[in-house]
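> sequence first, predicted model second:
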Amino acid sequence: MPNYSELVEVIVKRLVTKPEDVCILEDKNDSGAVLITIKVAQEDVGRVIGKKGSTINAIRHVAKAASIKSGEKVDVDIEED
């Protein structure tokens, strides 16, 4: 199984202004899908989401592309306070 949380963390830390505040949580839901939750500083939420969600959608596409070989389902969400 690939390390999706590490992959997402590397991408997100290069996007934000406070990389030390980045926290990536990985969990599995009841259906077996891997859920990646991104937590960043409040001022960096907009950077991770991007215009019309383009950046977070690109992160989701990269995570899903990494999961193709293993056949897993990966969901990436950002937690807003």
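Thanks, I have it.
> so which helix or strand takes in Ser5?
If you go by DSSP states H and E, Ser5 is part of helix 4-15.
> same check, this time on Leu35
Judged by DSSP H and E, Leu35 forms part of strand 34-39.
> mean confidence for whatever helix or strand comes next after that strand?
For strand 34-39, the following helix or strand on the C-terminal side (DSSP H and E) is helix 45-49. Helix 45-49 shows a mean pLDDT of 96.
> give me the residues contacting helix 45-49.
Val12, Leu15, Val16, Thr17, Ile38, Val40, Thr55, Ile56, Ile59, Ile78, Glu80 (CB atoms under 8 Å, 6 or more residues apart in numbering). (Each C-beta comes from the backbone N, C-alpha and C, glycine too.)
> residue contacts, the fourth one?
Right, the one you point to is Thr17. Ala41, Glu43, Asp44, Arg47.
> nice, that's everything, thank you.
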